[in-house]
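1. Below: sequence and its predicted model.
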Amino acid sequence: MGAANGQDPRVVMMCGPGSAGKTTYAKRLERLGWERLSFEVEFWNRGITTMPTNDVVAEVAVDLKARLLKFVEEGRDVVLDFGFWFRRQRDEYRALLAPLGVTPETIYLATDLETILSRLGGRHGRQADDWRLSEQEATEYFRKFEPPTTDEGPLLVIR
């Protein structure tokens, strides 16, 4: 992708609360040749299967940012399968990519709470993209989530 097509690399930020469908969408891009970066996959690869400490999250964030920049510099398309629950997080990645001339696109999965809660039973904690999430946690995440707006940059909303 990217430079191989003679185009600048693209970066997509998957955005939505837990169980909104972000990973399913991101994996579609991955099958098309995009690099997919994910905190959950990185935690799993490090043997972490429960919610990590803030220090571990910060360490993984540094590693994922370095990999993102490396992929972009190589001309590769990247999907950030993170969540980007808060605008400050989205702004942080926009600022990180700006010096490389890349404006990330946000794909927001605007999934309603009822649908999210109906998907929780399918999470069994057996693999990296299958973290268990309680109804209480999912509801709390949904309520704290800050939906992206068009003034942030390129935005695709999927309902």
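-> Yep, that arrived.

2. Pull out the buried positions in the longest helix seen in the chain.
-> Within the chain, and with DSSP state H defining each element, the longest helix by residue count is helix 54-73. Residues of helix 54-73 classed as buried: 60, 64-65, 68-69, 71-72 (neighbour count, 16 or more other C-beta atoms under 10 Å). C-beta coordinates here come from the backbone N, C-alpha and C atoms, glycine included.

3. mind listing the helices for the protein?
-> Using DSSP H, the helices assigned to the chain run over residues 22-31, 39-45, 54-73, 87-97, 113-119, 135-144.

4. From the chain's centre, how far out is the first one? Work that out for me.
-> Its chain's average C-alpha position is 10 Å from that of helix 22-31, according to C-alpha atoms, centre = their mean, to the nearest Å.

5. Please apply the same query to the fifth one.
-> In terms of C-alpha atoms, centre = their mean, the centre of helix 113-119 is set 19 Å apart from its chain centre.

6. same thing with stretch 14-22?
-> Averaging C-alpha positions (C-alpha atoms, centre = their mean) puts stretch 14-22 8 Å from its chain's average.

7. As PDB, could you dump the C-alpha coordinates of that stretch?
-> Presented in PDB, the C-alpha positions along stretch 14-22 are these (Å, rounded to 0.1, in the frame of the first residue of the first chain):
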ATOM      1  CA  MET A  14     -10.200   3.700  14.700                       C
ATOM      2  CA  CYS A  15     -12.500   5.500  17.100                       C
ATOM      3  CA  GLY A  16     -15.300   4.200  19.300                       C
ATOM      4  CA  PRO A  17     -16.100   2.700  22.700                       C
ATOM      5  CA  GLY A  18     -15.300  -0.900  23.600                       C
ATOM      6  CA  SER A  19     -17.200  -3.500  21.500                       C
ATOM      7  CA  ALA A  20     -18.200  -0.900  18.900                       C
ATOM      8  CA  GLY A  21     -16.600  -3.000  16.100                       C
ATOM      9  CA  LYS A  22     -13.300  -1.200  15.600                       C
END
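
8. Report the rounded mean pLDDT for it.
-> Regarding stretch 14-22, the rounded mean pLDDT is 91.

9. From T139, how far out is T53?
-> The spacing between T53 and T139, counted by C-beta to C-beta, to the nearest Å, is 24 Å.

10. who's more crowded, these two?
-> For the pair T53 and T139, the greater number of neighbours falls to T139 (16 against 9), based on other C-beta atoms under 10 Å.

11. neighbours of R28, just the number please.
-> Other residues near R28 number 12, with proximity taken as other C-beta under 10 Å.

12. Hmm, I typed the wrong one, I wanted L37.
-> L37 has 20 neighbours, counted by other C-beta under 10 Å.
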